[in-house]
Each structure stands twice: as C-alpha cells, then as structure tokens.
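In: turn this into a model:
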Amino acid sequence: MTIPPLSDAQREQARHAATEARRRRAEVKRALRAGEQTLAEVLSLAESDDVIAQIKVVDIVKCVPRVGDVRAAQVMDRLEIAPNRRLRGLGRHQATGLLAEFEARTSRSSRNGS
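Out: Got it, this is the predicted structure:
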C-alpha cells in the first residue's frame, strides 16, 4: 500500500500543524521549567491533549527545576520508565511515582519562597 501524494495545500497544512504542535510542546516545557506549571498540571493536561501527550517523559523530567540529565536518568530507571516512553504511555504507578518524586520538593520550594 502506497501513501497517496499530497497536494501543495495539504503539505502546507501539515507543516503548519506540525509547527503549532512543536510550539505548544515547547511552551509547556518552558512553563514547567519556569515554575508556572507543576508536573501534576502537565500530566493532567496530557490526559486530554494529544499534542502534549506525545512529549517524552524524560524531556518533561529534565524541565523540572534543578533536574538534569543524570538525575532524570536515575529517576526514570528507578521508576522503570523506558527512555522512549511518552506521557500518554505512563502507567498509573509510574505517574504517581513521578509526582511523589518531584511534587513534594516543588511544594516545599514554593512555601519557602512565600
């Protein structure tokens, strides 16, 4: 089975949709990095938003303030989350584990800052 050729208008529409999806994913990661959104909010958003659901878990974990490549890899390994897993593919226990790992520290930080 071959893929039918797309018209120029269809290709342009697909390019536009892909660009918008990249912008949305980048905005969510930026907001998490800046502390404007919590990890719980991002996980909740991924349940209803197909674009956000396609972000890799490791990319989101790295956006949590004060988490880099090494800590992200350690957490992913400890919670048995594959490096290529997307937000939509997280199991209930994996999502709960991520929240337990990062949300407690996030709420402590916000209380200290107030």
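In: how about low-confidence regions in this structure?
Out: Along the chain, the model assigns pLDDT under 70 to residues 104-114.
In: for it, which helix is longest?
Out: When the chain is parsed with DSSP state H, its longest helix is helix 8-34.
In: now do the helices in this structure.
Out: For the chain, the helices defined by DSSP H occupy 8-34, 39-48, 50-53, 57-63, 69-78, 92-113.
In: out of those helices, nearest to residue 84?
Out: Across the helices of the chain, residue 84 has its closest neighbour in helix 57-63 (8.3 Å, Cβ to Cβ). In short, each C-beta sits where N, CA and C put it, glycine included.
In: the closest residue to residue 99 other than its chain neighbours and residue 64: what is the separation?
Out: Leaving aside its sequence neighbours, residue 99 sits nearest to residue 40 (Cβ to Cβ, 6 or more residues apart in numbering; 5.7 Å). Taking Cβ to Cβ, to the nearest Å as the measure, residue 40 falls 11 Å from residue 64.
In: the two - which one has more neighbours?
Out: In this view residue 40 and residue 64 are compared by other Cβ atoms under 10 Å, and residue 64 has more residues nearby, 23 against 15.
In: give me the most central residue, the protein.
Out: Centroid-nearest residue in the chain, with Cα atoms, centre = their mean: residue 60, separated by 3.9 Å.
In: and the longest helix of the chain, what does it pack onto?
Out: In terms of contacts (3 or more Cβ pairs under 8 Å, 6 or more residues apart in numbering; DSSP states H and E), helix 8-34 is packed against helix 39-48, helix 50-53, helix 57-63.
In: for the second one, name the packing helices and strands.
Out: With contacts defined as 3+ Cβ pairs under 8 Å, 6+ apart, the packing partners of helix 50-53 are helix 8-34, helix 39-48.
In: before we move on, the earlier item: turn the helices of the chain into TSV, including distance to residue 84.
Out: Converted to TSV, the helices of the chain look like this (distance: least, Cβ to Cβ, whole Å):
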stretch	distance to residue 84
helix 8-34	16
helix 39-48	16
helix 50-53	14
helix 57-63	8
helix 69-78	10
helix 92-113	14
